[in-house]
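A.B. asks: pasting the sequence and the predicted model now:
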Amino acid sequence: MPREYTPGVVAVPTTPAARPTGPDPLGPAPLSATGATAADLARTALQQAGELLAPPAPVRLGDVVPAPEHVAPDATADFVLSEDAAVRVGPDPGARAVAAQLAALLRPATGYPLPVAETAETASDGPLVLTLSGAPAVDSPSPAPEPTGSLGDEGYRLDVTRTAVRLTAVTPAGLLHGVQTLRQLFPAAVESPTPVAERWVVPGGTIVDRPRYAYRGAMLDVARHFFGVPDVLRVIDHLARYKVNHLHLHLTDDQGWRIAVDSWPRLATVGGATGVGGGPGGHYSRDDYRRIVAYAAARHVTVVPEIDLPGHTNAALTAYGELAPDGITPAPYTGTEVGFSYVDPASERTYDFVADVLGEIAALTPGPFLHIGGDEAFKVPAAAYAGFVERVQRIVSGLGKTLVGWHQIAPAAHAPGRVLQWWGTTGDDPVTADAVRRGARLVLSPGNHAYLDMKYAPDTPIGHDWAGLVDVHRAYDWDPGTHLADVPAEAVLGVEAPLWTESVTSRAEIEFMLFPRLPAIAELGWSPHATHDWADFRERLAGHGTRWDTAGIVFHRSPEIPWPTASTAPTGIPTPRLTAEGRKEGPPVNA
């Protein structure tokens, strides 16, 4: 198992730094007409002069990824965080949780105590204020017109003045998205895990922001290679950083079954014992899974569990051979081929299995989605496949969940609310377009743009190239609203970036494949299409390299991006040679 990852636990001072004692160097003075001493007035004058002479904020208000909907900078309104600052928030528990997260993000690098203090919901005094409000985005003195209408469930408004930073949202999720924007507006040193001597300045102005799509996801395949709970928690933090709000966990495949099921215990203990290349495998207990779900929910990320059916099931068949079409238990599989295994679609025992497994997973998953896979069942006859999918759709509906499946389930009869995840490589798919006409919605994951297991370049040490090479520009250079022919924009629920792990074996390699492409997909899912501009994006993204270095995040230093030259981070990851079966030889990669 990897070293335990304990996010948000840092040593911080509990009181402000000690101040000089003894006589005031400015000396005593009589009170002014306002009650202030001459020393008070002198200190105020010095502070104001220092602010006028201070350099501008090192980050511009628009240097945010994903790009906000509306940005109105004010060069005269930069805010400087002081060591005696507090985070003020109303009594709502969800808002208080976000305020605590903001304080936890800022404490390590600043060394400031940043206590969280409850205030009246309508109060606005204090340097850092978070407010829940049902009010729409209203007018303010800014050079460009603001968006009209409600901020919605995930939108937020950020106002930065010389005296305060105020975040307003309708929901705690919106507040957290605003916190992530504020995080990016502090100097990059804010990502340091230890205190840094820095002028903690935020550029002045107003941001009004809300997402383009409700579903913005990333997928982690834990079946080919197993990743422990700490690794998954770190991935969740990466998603929240860029306002990605769904984590799709590919929990089962031919090489391993990764979730405990009480009614079918050998699925985990036997089916979960292997991985690609003959590794030790592993699985999540029910408590492990609950921990992942709770951690994600606290960051307003919804977990989407996938139980891949009827194909990709060799691991399940090694545990329960009775589910195989011939009733024979197969040997464990540690290679990377696909399409050879499936559960018997003609057996009632198969549907007992499906109902039990999905029922237990649904009970552990508060989110609305259950993903049933459905791809690459090459050996199942078309009629039997359609019948299987239609029956499983009814099982999922009976559990009160929304069914998601790879786009191969499109020919099956429509079930209300179902979502197809499309991973094709061309923009023309009449079968999927027909499913949309019958009521399906789509999550788009085009393999040649959004698959994060594709190599960046021919010499990328890990990954595949069956869908082509996917550099950062290619990951960014498509529009979900118009990508698929004969599919109206309103049928697109959102986007998702899958990371399959046949060749990915460590946390460092996960991060190397995620960054810097994950922020590109995140921007397509969040930002208005009008902001879509590669030249602007690459400049904004470049500043994040320093942040990732400071945070200890491994990333591919893509030559497409003008990274700051001062960084001394390595340009890639050391990757041992692969054997024919996918096992890695040589020392492990650590981060």
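C.D. replies: Here it is on my side, so go on.
A.B. asks: center of this structure - which residue?
C.D. replies: Leu239 (1.4 Å; Cα atoms, centre = their mean).
A.B. asks: which non-adjacent residue is nearest Thr110?
C.D. replies: Trp200 (5.7 Å; Cβ to Cβ, 6 or more residues apart in numbering). (Glycine included, C-beta is placed from N, CA and C.)
A.B. asks: same check, this time on Asp153
C.D. replies: Closest residue in space to Asp153, ignoring its immediate chain neighbours: Thr171 at 5.3 Å, by Cβ to Cβ, 6+ apart.
A.B. asks: and Glu496, by the same measure?
C.D. replies: Nearest residue to Glu496, sequence neighbours excluded (Cβ to Cβ, 6+ apart): Gly217, at 3.6 Å.
A.B. asks: roughly how far is the host helix or strand of Ala72 from the heart of the chain?
C.D. replies: Ala72 belongs to strand 70-73 when elements are defined using DSSP states H and E. Taking the mean of its C-alpha atoms, strand 70-73 sits 24 Å from the chain's own mean (Cα atoms, centre = their mean, to the nearest Å).
A.B. asks: one more: stretch 467-484?
C.D. replies: The chain centroid and the centroid of stretch 467-484 are separated by 19 Å under Cα atoms, centre = their mean.
A.B. asks: list the buried residues of that stretch.
C.D. replies: Across stretch 467-484, burial judged by 16 or more other Cβ atoms under 10 Å covers 467, 470-472, 474-476, 478, 480-481, 483-484.
A.B. asks: any chance of JSON lines for those residues, columns secondary structure and distance to Ser82?
C.D. replies: JSON lines is the format used below for those (DSSP: H, G, I helix; E, B strand; the rest coil; distance: Cβ to Cβ, whole Å):
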{"residue": "Ala467", "secondary structure": "coil", "distance to Ser82": "51"}
{"residue": "Val470", "secondary structure": "coil", "distance to Ser82": "44"}
{"residue": "Asp471", "secondary structure": "coil", "distance to Ser82": "43"}
{"residue": "Val472", "secondary structure": "helix", "distance to Ser82": "38"}
{"residue": "Arg474", "secondary structure": "helix", "distance to Ser82": "44"}
{"residue": "Ala475", "secondary structure": "helix", "distance to Ser82": "40"}
{"residue": "Tyr476", "secondary structure": "helix", "distance to Ser82": "38"}
{"residue": "Trp478", "secondary structure": "coil", "distance to Ser82": "44"}
{"residue": "Pro480", "secondary structure": "coil", "distance to Ser82": "43"}
{"residue": "Gly481", "secondary structure": "coil", "distance to Ser82": "44"}
{"residue": "His483", "secondary structure": "coil", "distance to Ser82": "47"}
{"residue": "Leu484", "secondary structure": "coil", "distance to Ser82": "51"}
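A.B. asks: what's Tyr385 sitting at in phi/psi?
C.D. replies: In terms of degrees, to the nearest 10, the main-chain angles of Tyr385 are phi -60, psi -50.
A.B. asks: Leu247 too?
C.D. replies: Note on Leu247: its backbone torsions stand at phi -110, psi 110 [degrees, to the nearest 10].
A.B. asks: contacts only, for it.
C.D. replies: Neighbour list for Leu247: 217-220, 232, 235-236, 239, 296, 301-304 [criterion: Cβ atoms under 8 Å, 6 or more residues apart in numbering].
A.B. asks: quickly list what it is bridged to.
C.D. replies: For Leu247, the beta-bridge partners are Ala218, Val303 (DSSP bridges).
A.B. asks: tell me which element the residue lying closest to Asp63 once chain neighbours are set aside is part of?
C.D. replies: Using Cβ to Cβ, 6+ apart and skipping the chain neighbours, the partner closest in space to Asp63 is Arg540 (5.3 Å). For Arg540, the host element (DSSP H and E) is helix 534-542.
A.B. asks: run through who's touching that helix.
C.D. replies: Contact partners of helix 534-542, identified using Cβ under 8 Å, 6+ apart, comprise 62-65, 67, 472-473, 476-477, 516, 519-520, 523, 560-564.
A.B. asks: appreciated, that's everything.
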